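Trainee: sharing a sequence plus its predicted fold:
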Amino acid sequence: MEKKIAVIRGDCSSPEFVKETIRVLDKIAQKHGHTFVYEEVAMGGDAIDRYGDPLPEAELQKCLNSDSVLLGSVGGPKWDTLPGDKRPEKGLLRLRAGMGLYSNARPARIWPQLAPASPLRPDIAANGIDFIIIRELTGGVYFGEHSTIHNGTEEVATDIMEYSVHEIERIGRIGFETARKRRKKLTSVDKANVLDTSRLWRKVMHELAEEYPDVEYEDMLVDNCAMQIVKNPAQFDVIVTENMFGDILSDEASMITGSIGMIPSSSLGDTTVGVYEPIHGSAPDIAGQNIVNPMACILSAAMMLRYSFDMSEEADEIERAVGAVLDQGFRTADNQSEGCTVLGTKEITDRILEEI
Ligand code: IPM
Ligand code: MG
């Protein structure tokens, strides 16, 4: 198969792990007789430096014309003082909206090899962590109107949070369908005791639940969910939630698995063209040192093969190779534990390549 992959190298330490991920994709292509053609796309701080815009229209078009997008992470202190509309993160939000990617899947699975790096008590981690957060990605407060005005006395800022029935229904359905393919349990997370958007969310979810009698369904308030994730993560199979709650809960969920440096993600809409990215940031503090963990990005590439290119055997192979390298006791600095050998970004990828 020939596939065109748009590559966004990202900022700070991101180009380091994207480069290693491409080596892994090339190895897979070579072994399985595929051709991956890469198209470079500038987004985030990189695009601001080149074009004064975090995602110029022409760059978005390149993504829309590709078979999928591999994305590193954007942002860094250099661009932190720019106004909201010019920040690197705005490029990411425009990419999500411009490609219609309303469904973001973030798996939280503990690699048994990394259990010692989990901050949870060993008896809690031992019960297993294997759930997935389905985060709504193109609505809510991220995309409502933002404004800051001066009311004569002081500054007043407003961010509008809005959800419509169709936005809730399409992500809710993905939640139920995902649960159906797993352990058949869905937790819908909201703040229905306070927010109107959450009350509408809950109403739509209850209507959907009637269509999925085979899925065990529950509502959970977001504050309680934040607590349950550390108290008893084994209770979760699939969590579905709105944009900002999903942002916050997915960082929490990733950390309990040992390292945020291990969690990939997929963002999809109504087609197979998606964006695949690690959920961690661009790690400015360790940029240029060849120590950033490339695994979340490499595992994101595996998700791309599986969900956008229907190459599940190839995806399995990457995941197996990552597992084998962990089995051999190799780690990056972020998830080391006693008795392990710490390798650099490039060197740990060399090991993964040897396993493919
Ligand atoms: C994420 C990130 C982004 C988000 C930022 C960089 C805008 O935290 O993908 O989780 O909040 O969605
Ligand atoms: Mg986040």
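Mentor: Looks like it came in fine. Residues are numbered from 1 along each chain as shown. Ligands and ions are numbered 1, 2, ... in the order given.
Trainee: what sits against Ala234?
Mentor: Contacts for Ala234 (Cβ atoms under 8 Å, 6 or more residues apart in numbering) come out as Asn127, Gly128, Ile129. Every C-beta, even on glycine, is put in place using the N, C-alpha and C of the backbone.
Trainee: what sits closest to the last one if chain neighbours are left out?
Mentor: On the basis of Cβ to Cβ, 6 or more residues apart in numbering, the spatially nearest residue to Ile129 that is not a chain neighbour turns out to be Ile110, at 4.1 Å.
Trainee: and the gap between that neighbour and Leu343?
Mentor: 21 Å (Cβ to Cβ, to the nearest Å).
Trainee: what about dumping the CA coordinates of the helix or strand encompassing Gly323 to CSV?
Mentor: Per DSSP states H and E, Gly323 falls inside helix 312-327. Presented in CSV, the C-alpha positions along helix 312-327 are these (Å, rounded to 0.1, in the frame of the first residue of the first chain):
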residue,chain,number,x,y,z
SER,A,312,-3.4,-4.2,12.3
GLU,A,313,-0.6,-6.8,11.9
GLU,A,314,1.9,-4.0,11.4
ALA,A,315,0.5,-2.1,14.4
ASP,A,316,0.7,-5.2,16.6
GLU,A,317,4.3,-5.6,15.5
ILE,A,318,5.3,-2.1,16.7
GLU,A,319,3.5,-2.6,20.1
ARG,A,320,5.2,-5.9,20.5
ALA,A,321,8.6,-4.4,19.8
VAL,A,322,8.0,-1.7,22.4
GLY,A,323,7.0,-4.3,24.9
ALA,A,324,10.1,-6.4,24.1
VAL,A,325,12.4,-3.5,24.7
LEU,A,326,10.7,-2.8,28.0
ASP,A,327,11.0,-6.5,28.9
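Trainee: just to revisit the earlier point, test my guess that the residue nearest to Ile129 contacts Gly128.
Mentor: Yes - at 7.0 Å, Ile110 and Gly128 qualify as touching, with contact defined as Cβ atoms under 8 Å.
Trainee: so which bits of the protein are right by ligand 1?
Mentor: Proximity of the chain to ligand 1, by Cβ under 6 Å from any ligand atom, involves residues Gly75, Glu89, Leu92, Asp247, Ile279.
Trainee: can you pick the most crowded of the contacts of Ala234?
Mentor: Ile129 (22 neighbours; other Cβ atoms under 10 Å).
Trainee: how about the backbone phi and psi for that residue?
Mentor: Backbone torsions for Ile129, taken as degrees, to the nearest 10, come to phi -130, psi 110.
Trainee: next one: Thr148
Mentor: Dihedral pair for Thr148: phi -130, psi 120, per degrees, to the nearest 10.
Trainee: number of nearby residues for it?
Mentor: Counted with other Cβ under 10 Å, the neighbours of Thr148 add up to 10.
Trainee: contacts only, for it.
Mentor: Thr148 neighbours (Cβ under 8 Å, 6+ apart): Glu155, Val156, Ala157, Thr158.
Trainee: neighbours around the third one, how many?
Mentor: Going back to what we said before, that points to Ala157. Neighbours of Ala157 using other Cβ under 10 Å come to 8.
Trainee: can you tell me the closest non-neighbouring residue to it?
Mentor: With sequence-adjacent residues excluded and distances taken as Cβ to Cβ, 6+ apart, Ala157 is closest to Thr148, at 4.5 Å.
Trainee: which pLDDT value goes with Asn335?
Mentor: Confidence at Asn335, expressed as pLDDT, is 85.
Trainee: tell me, how many residues neighbour it?
Mentor: As a burial measure, Asn335 scores 23 neighbours (other Cβ under 10 Å).
Trainee: where along this protein do the helices fall?
Mentor: 14-32, 45-51, 57-64, 88-98, 122-125, 165-180, 196-209, 222-231, 243-256, 295-307, 312-327, 345-354 (DSSP state H).
Trainee: mean neighbour count for those - can I get that in a markdown table?
Mentor: Below are the helices of the chain laid out as a markdown table (neighbours: other Cβ atoms under 10 Å):
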| stretch | mean neighbour count |
| --- | --- |
| helix 14-32 | 20 |
| helix 45-51 | 19 |
| helix 57-64 | 16 |
| helix 88-98 | 21 |
| helix 122-125 | 14 |
| helix 165-180 | 19 |
| helix 196-209 | 18 |
| helix 222-231 | 16 |
| helix 243-256 | 20 |
| helix 295-307 | 25 |
| helix 312-327 | 18 |
| helix 345-354 | 18 |
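Trainee: going by mean pLDDT, which of these comes out lowest?
Mentor: helix 122-125 (a mean of 90).
Trainee: per-residue pLDDT, Leu120?
Mentor: Here the pLDDT value assigned to Leu120 is 93.
Trainee: is it true that it touches Lys231?
Mentor: No - using Cβ under 8 Å, Leu120 and Lys231 do not qualify as a contacting pair, with a distance of 9.4 Å.
Trainee: right, and ligand 1 sits closest to which residue of the stretch 151-300 of the chain?
Mentor: Closest to ligand 1 within the stretch 151-300 of the chain is Asp247: 4.4 Å, counting by Cβ to the nearest ligand atom.
Trainee: ok, that residue touching Ile133?
Mentor: No - the pair Asp247 / Ile133 is not scored as a contact, 9.7 Å apart, by Cβ under 8 Å.
Trainee: contacts only, for Gly44.
Mentor: Ile8, Gly10, Asp11, Pro54, Leu55, Val74, Gly75, Trp79, Pro88, Glu89, Gly91, Leu92.
Trainee: for the last one, which non-adjacent residue is closest in space?
Mentor: In this case it means Leu92. Ranked by Cβ to Cβ, 6+ apart and with sequence neighbours excluded, the top spatial neighbour of Leu92 is Val74, at 5.7 Å.
Trainee: having no further points to raise, I will conclude here.
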